[in-house]
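*Asks:* dropping a prediction and its sequence here:
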Amino acid sequence: MPYYRMAGNVPPKRHTQHRAPDGSLYFEELMGEEGFSSDSSLLYHMNIPSAITAYRSWELPDQSLVPNHPLTPRHLSTHDLFGEGVSGVDAVTGRRLLLGNGDVRLSYVVADTTSSYYRNAIGDECLYVEAGAARVETVFGDLPVNDGDYVVIPRATTYRIVPDGPVRLYAIEANSHITPAKRYLSRYGQLLEHAPFCERDLRGPENLRVVAERDVEVYIKHRGNGPGGIAGTVHTLPHHPFDVVGWDGCLYPYVFSIRDFEPLTGRVHQPPPAHQVFEGDNFVICNFVPRKVDYHPLAIPVPYYHSNVDSDEVMFYCGGDYEARKGSGIGQGSISLHPGGHPHGPQPGAYERAIGAEFFDELAVMVDTFRPLELGEAARDCDDGVYAYSWAKGAKEAGK
């Protein structure tokens with residue numbers, strides 16, 4: 001994170017005695033990245049944060065991946081994965097794996113039940129709220145979220161998700177850290193003037209509180225010998241993990257609303273880097289928001305055909321009307337996968353329809369990866385099987 005926050009009760013000097021009113025010591029925990037060499041925060045616990053009284057294996061949801069072979073562009077209908085009237089699904093154990101590689105995993109869930117307490121010890125998470133509302137309770141405090149919010153959660157943060165009715169989440173799980181695009185940051189970490197958002201747009205945790213519960217289970221996803229090198233463990237803690245009386249530092253979960261992203265536009269079509277919001281190792285996250293489009297008198301506002309020779313492109317359509325994909329069955333909750341090695345672009349007819357347009361009312365979250373993506377069980381379950389033919393079919397229907 002680019003700036004410092006403090007919450008609750010912390011001592012004047014770090015790594016010094018910090019005592020409760022009864023004279024007992026609080027226990028200081030450093031949560032830091034890159035071996036004490038990057039961002040960190042100090043948390044002050046009432047109890048020893050390392051204490052566990054039991055442990056057992058957690059059988060993770062299916063994490064298997066199969067190659068996208070033969071190489072095929074795909075359309076995945078995420079709204080088909082959970083059906084109507086979801087019941088008893090939580091936002092951690094209920095995630096279904098869509099796509100993944102050694103750098104990032106993309107999952108989807110419709111949850112209506114409070115999740116277990118959870119830590120992802122593999123990498124940071126970026127959760128996009130497609131629809132609904134929830135409270136993300138963390139060791140740093142609470143994060144209220146609604147549709148259109150990104151929630152960025154640092155690696156190994158203990159949290160749970162409490163839905164307010166059914167909530168739809170698109171989960172981007174990294175094997176690294178997730179940060180704002182580096183070109184938006186000064187050498188000291190401040191968001192620069194040309195960035196499409198700033199620190200004022202970021203919402204930090206609130207309502208730090210001490211929970212007195214005992215014998216609490218925490219589900220941990222970590223590196224191991226399971227599919228994709230991932231495994232799960234459950235630790236039972238003698239005291240509740242939310243026993244922090246204060247914390248300070250530059251590492252903590254936060255929320256950013258897609259509605260606070262200020263789109264960068266131009267006279268001619270702007271390439272995807274103009275829409276970037278976050279990045280991790282070997283992938284980027286971009287978003288396409290309602291915006292004024294290209295205003296050159298001869299502009300064609302939809303994207304030109306392009307070959308992402310170094311990338312797989314995943315587009316999650318989460319609102320509005322995406323002009324370039326009309327006629328291909330794409331709708332709310334759709335995901336398109338355009339693999340590297342396949343030139344892709346607008347559906348037939350979109351070029352002509354877009355000429356003269358002044359505004360696009362669309363909302364989409366894009367993940368571009370720099371290693372090929374493989375198909376998870378959810379992708380294999382909700383692939384429409386015909387998207388690859390949509391350009392040829394559309395051209396034939398147009399008489400070309």
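*Replies:* Perfect, I can see it now.

*Asks:* going by C-alpha atoms from here, please, whenever you check contacts or count neighbours.
*Replies:* Fine.

*Asks:* can you map out the strands along the stretch 201-350 of the chain?
*Replies:* Using DSSP state E, counting those that start in this stretch, the strands of the stretch 201-350 of the chain run over residues 202-203, 214-223, 230-239, 244-249, 254-257, 276-280, 283-288, 291-292, 312-320, 334-338.

*Asks:* partner strands of the third one, with direction?
*Replies:* For strand 230-239, sheet partners with direction are given as strand 54-57 (antiparallel), strand 214-223 (antiparallel), following DSSP bridges.

*Asks:* cool, the last one as well?
*Replies:* Each strand that strand 334-338 pairs with, and the sense of that pairing, follows from DSSP bridges: strand 74-77 (antiparallel), strand 312-320 (antiparallel).

*Asks:* and the next helix or strand past the first one?
*Replies:* What that stands for is strand 74-77. strand 96-100 (DSSP states H and E).

*Asks:* for that next one, packing partners?
*Replies:* Counting contacts by 3 or more CA pairs under 8 Å, 6 or more residues apart in numbering; DSSP states H and E, strand 96-100 packs against strand 104-111, strand 374-375, helix 377-382.

*Asks:* now distance to residue 128 and mean neighbour count too, for the strands paired with strand 334-338, in TSV please.
*Replies:* Formatted as TSV, the strands paired with strand 334-338 follow (distance: least, CA to CA, whole Å; neighbours: other CA atoms under 10 Å):
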stretch	distance to residue 128	mean neighbour count
strand 74-77	17	23
strand 312-320	10	21
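
*Asks:* columns mean pLDDT and distance to residue 62 on top of those, output as JSON lines?
*Replies:* As requested, those are exported to JSON lines (pLDDT from 0 to 100; distance: least, CA to CA, whole Å):
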{"stretch": "strand 74-77", "mean pLDDT": "96", "distance to residue 62": "18"}
{"stretch": "strand 312-320", "mean pLDDT": "94", "distance to residue 62": "21"}
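
*Asks:* could you check how far the residue nearest the centre of the chain is from residue 120?
*Replies:* The structure's the chain has its C-alpha centroid closest to residue 126; by CA atoms, centre = their mean the separation is 2.4 Å. Using CA to CA, to the nearest Å, residue 126 is found at 11 Å from residue 120.

*Asks:* which residues touch stretch 175-185?
*Replies:* Contacts with stretch 175-185, where a contact means CA atoms under 8 Å, 6 or more residues apart in numbering, come from 1, 102-104, 122-126, 152, 154-155, 191-192, 194-195, 276-281.

*Asks:* actually, stretch 303-321.
*Replies:* Contacts to stretch 303-321, defined as CA under 8 Å, 6+ apart, come from residues 130, 269, 271, 324, 330-346, 360-373.

*Asks:* make a ChimeraX selection of the buried ones in these.
*Replies:* In ChimeraX, this line selects whichever of those come out buried by 16 or more other CA atoms under 10 Å:
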select :130,269,324,330,331,332,333,334,335,336,337,338,339,340,344,345,346,360,362,363,364,365,366,367,368,369,370,371,372,373
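
*Asks:* for residue 223, which non-adjacent residue is spatially closest?
*Replies:* Beyond its immediate neighbours in the sequence, the residue positioned closest to residue 223 (CA to CA, 6 or more residues apart in numbering) is residue 230, lying 4.6 Å away.

*Asks:* what is the burial count for that neighbour?
*Replies:* With neighbours defined by other CA atoms under 10 Å, the count for residue 230 comes to 15.

*Asks:* before we move on, what about residue 211?
*Replies:* Residue 211, neighbours per other CA under 10 Å, totals 12.

*Asks:* next: the one 4 residues further on.
*Replies:* Burial of residue 215 is recorded as 15 neighbouring residues (other CA under 10 Å).

*Asks:* thought it was touching residue 238?
*Replies:* Yes: contact between residue 215 and residue 238 holds when scored by CA atoms under 8 Å: they sit 4.6 Å apart.

*Asks:* let me see the contact set for residue 51.
*Replies:* Neighbouring residues of residue 51 by CA under 8 Å, 6+ apart: 237-238.

*Asks:* read off the pLDDT value for it.
*Replies:* At residue 51, the model reports a pLDDT of 98.

*Asks:* dump the helices and strands packed on strand 96-100 into CSV; add distance to residue 63, mean pLDDT and mean neighbour count as well.
*Replies:* Output for these, formatted as CSV (distance: least, CA to CA, whole Å; pLDDT from 0 to 100; neighbours: other CA atoms under 10 Å):
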stretch, distance to residue 63, mean pLDDT, mean neighbour count
strand 104-111, 9, 98, 24
strand 374-375, 10, 98, 20
helix 377-382, 8, 98, 19
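
*Asks:* appreciated, that's everything.
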